[in-house]
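Okay, here's the prediction I keep looking at, along with the sequence it came from:
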Amino acid sequence: MKLFVTGGAGYIGSHAVKAFGRAGHDIVVYDNLSTGHEGAVLYGKLVRGDLSDVEFLLKTLDKFRPDAVIHFAASIQVEESVRKPLLYYRNNVVNAVNLLEAMLKTGVRYLIYSSTAAVYGMPKKIPVNETAAINPINPYGASKAAVEQILSDTTKTTDLRYNSLRYFNVAGADTDGQLGQAYADATHLVTRAMKTALGLTSKLAIYGTDYQTPDGTCIRDYIHVNDLVDAHIKALNHLMKTNESNVLNCGYGHGFSVREVVNVAKKVTGIDFPVAETGRRAGDAPVLVADSKKLKNITGWKPQHDDLEFILKTAWEWEKKLHSQDIFKEKK
Ligand code: UFG
């Protein structure tokens, strides 16, 4: 099958390209390399392009004529989205519209869309399922929710069919050690903990200890990146078999507090790195834990790495490799 993968040089996208590539699919990665790396694209062809470049996007899609698009490219930081909302609406909403228009013009019918738990805001019931109210509390979540609405509307009058995967907290690295998160300015808890353990930052901040949770810190559902990628494979197969659009939560169904993650990170790395409790970070929800029964039931997805210690071990091995070897240091 022919797959067009936006953001395929990024963290999750590169893991997905590897999995789809190994399964024998023909892949074109479309990425502007703003946060991704050429060296992370292990399969297929990398086209350096921006989703705002409507003409080039259309030309690339028209030439390749894929069976499906997997759309990872986006801005993804909650706190940044609060400071720069227009950047998020442009990159995540306007660019998604560009992609959808190009898909419709070139007759591409299937889309796997990267959505987020952030669309729920502060869900009333935990674990949260897909029928919960959409109530984002930051522009990042609002931008993803807007695209979900656009997708839903678009299916009503076109042949387009999609699965929107609502990711919870994606963490860890490729179990073969070839790939992992490699952002210049990592903001995610797990990556930051690993960098602090390596001594690359002086201390790890814990953002907020006064939330209504058992230990006062935020609770998240951490899902290993390889399990998330497998959800994409299963979802795409199901979508193309049934022609049915769906929205699917991707998580394990249990959460860990920031303090719990920090403790496991110290255990896994064997380093008692410095931690500083600071104030809340803008835009954070207190608790986000997935009910992923729908994903399991309709696609047959079975997670393989539902183990926080294992997730952090893969992140640790990757982080050590990233900083000891000259990988992903290509000129931009
Ligand atoms: N945190 C810290 N210190 C840090 C970094 C994070 O205490 O240095 C805290 C955050 O405040 C939050 C938790 O750790 O409470 C997790 O934060 P991350 O930045 O790792 O992840 P987010 O929960 O903000 O966001 C991630 C994805 C989103 C997704 C969301 C859904 O980036 O795309 O999970 O749960 F929407």
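That came in fine, so what should we check first? Residues are numbered from 1 along each chain as shown.

and residue 147, how many neighbours?
When neighbours are defined as other Cβ atoms under 10 Å, residue 147 has 24 of them. Backbone N, C-alpha and C define where each C-beta goes, glycine included.

Can you give me the separation between the closest residue to it other than its chain neighbours and residue 55?
The spatially closest residue to residue 147, leaving aside those adjacent along the chain, is residue 96, at 4.6 Å (Cβ to Cβ, 6 or more residues apart in numbering). Look at residue 96 and residue 55: by Cβ to Cβ, to the nearest Å, they are 17 Å apart.

and if you look at residue 25?
26 Å.

Of these two, which one has the most company?
In this view residue 25 and residue 55 are compared by other Cβ under 10 Å, and residue 25 has more residues nearby, 20 against 8.

Now the more buried one, what are its backbone angles?
The phi and psi torsions at residue 25 (degrees, to the nearest 10) take the values phi -80, psi 150.

Tell me which helix or strand the residue lying closest to residue 118 once chain neighbours are set aside sits in.
With Cβ to Cβ, 6+ apart as the criterion, residue 118 has its nearest non-adjacent residue at 3.2 Å, and that residue is residue 141. Residue 141 belongs to helix 139-157 when elements are defined using DSSP states H and E.

any idea which helix or strand comes after that helix?
Next helix or strand after helix 139-157 toward the C-terminus (DSSP H and E): strand 161-167.

Can you give the strand pairings for that next one, parallel or anti for each?
Strand pairing for strand 161-167, using DSSP bridges, gives strand 110-116 (parallel), strand 246-250 (parallel).

In the protein, what residue lies closest to the ligand?
For the chain and the ligand, the shortest gap (Cβ to the nearest ligand atom) falls at residue 218, measuring 3.0 Å.

returning to that earlier point: I figured the residue nearest to residue 118 hits residue 123, correct?
No: contact between residue 141 and residue 123 fails when scored by Cβ atoms under 8 Å: they sit 11.5 Å apart.

Neighbour count: those two, which is higher?
Here residue 141 and residue 123 are set side by side on neighbour count (other Cβ under 10 Å), and the busier one is residue 141, at 24 against 20.

Switch the strands paired with strand 161-167 over to a markdown table; also include mean neighbour count and mean pLDDT.
A markdown table is the format used below for these (neighbours: other Cβ atoms under 10 Å; pLDDT from 0 to 100):
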| stretch | mean neighbour count | mean pLDDT |
| --- | --- | --- |
| strand 110-116 | 24 | 98 |
| strand 246-250 | 23 | 98 |
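
can you redo those strands as CSV with distance to the ligand?
Supplementary listing: the strands paired with strand 161-167 in CSV, determined by distance: least, Cβ to the nearest ligand atom, whole Å:
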stretch, distance to the ligand
strand 110-116, 3
strand 246-250, 10
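
Serialize those to TSV and add fields for distance to residue 186.
Written out in TSV, the entries for the strands paired with strand 161-167 read as follows (distance: least, Cβ to Cβ, whole Å):
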stretch	distance to residue 186
strand 110-116	18
strand 246-250	21
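
what residues does the chain put near the ligand?
Residues of the chain found near the ligand (Cβ under 6 Å from any ligand atom) are 76, 78, 116-118, 168-169, 187-189, 192, 204-207, 218, 220, 258, 281, 284, 288.

I'd like to know which of those residues are buried.
In those, burial by neighbour count holds for 76, 78, 116-118, 168-169, 188-189, 192, 204-207, 218, 220, 258, 284, 288, counting by 16 or more other Cβ atoms under 10 Å.

Those residues in strands, which ones?
116, 169, 204, 205, 206, 207, 220, 288 (DSSP state E).

dump the residue contacts of residue 173.
With contacts taken as Cβ atoms under 8 Å, 6 or more residues apart in numbering, residue 173 has the following neighbours: 179, 180, 181, 225, 314, 315, 317, 318.

Likewise for residue 68?
When contacts are counted by Cβ under 8 Å, 6+ apart, residue 68 is found next to 1, 2, 3, 4, 108, 109, 110, 111, 112, 236, 239, 240.

So what sits opposite it in the bridge?
As for beta bridges, residue 68 partners with residue 3, residue 110 under DSSP bridges.

Dump stretch 39-52 to PDB, restricted to CA.
Extracted in PDB, the C-alpha atoms of stretch 39-52 (Å, rounded to 0.1, in the frame of the first residue of the first chain):
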ATOM      1  CA  GLY A  39      18.200  10.600   9.900                       C
ATOM      2  CA  ALA A  40      15.000   9.500  11.700                       C
ATOM      3  CA  VAL A  41      13.300   8.500   8.400                       C
ATOM      4  CA  LEU A  42      14.400   4.900   8.100                       C
ATOM      5  CA  TYR A  43      12.100   3.800   5.300                       C
ATOM      6  CA  GLY A  44      10.600   5.400   2.200                       C
ATOM      7  CA  LYS A  45      11.400   8.700   0.600                       C
ATOM      8  CA  LEU A  46      11.600  12.000   2.500                       C
ATOM      9  CA  VAL A  47      10.200  15.100   0.800                       C
ATOM     10  CA  ARG A  48      11.100  18.300   2.600                       C
ATOM     11  CA  GLY A  49       8.000  20.300   2.400                       C
ATOM     12  CA  ASP A  50       5.600  22.500   4.400                       C
ATOM     13  CA  LEU A  51       1.900  22.000   4.700                       C
ATOM     14  CA  SER A  52       1.400  25.700   4.200                       C
END
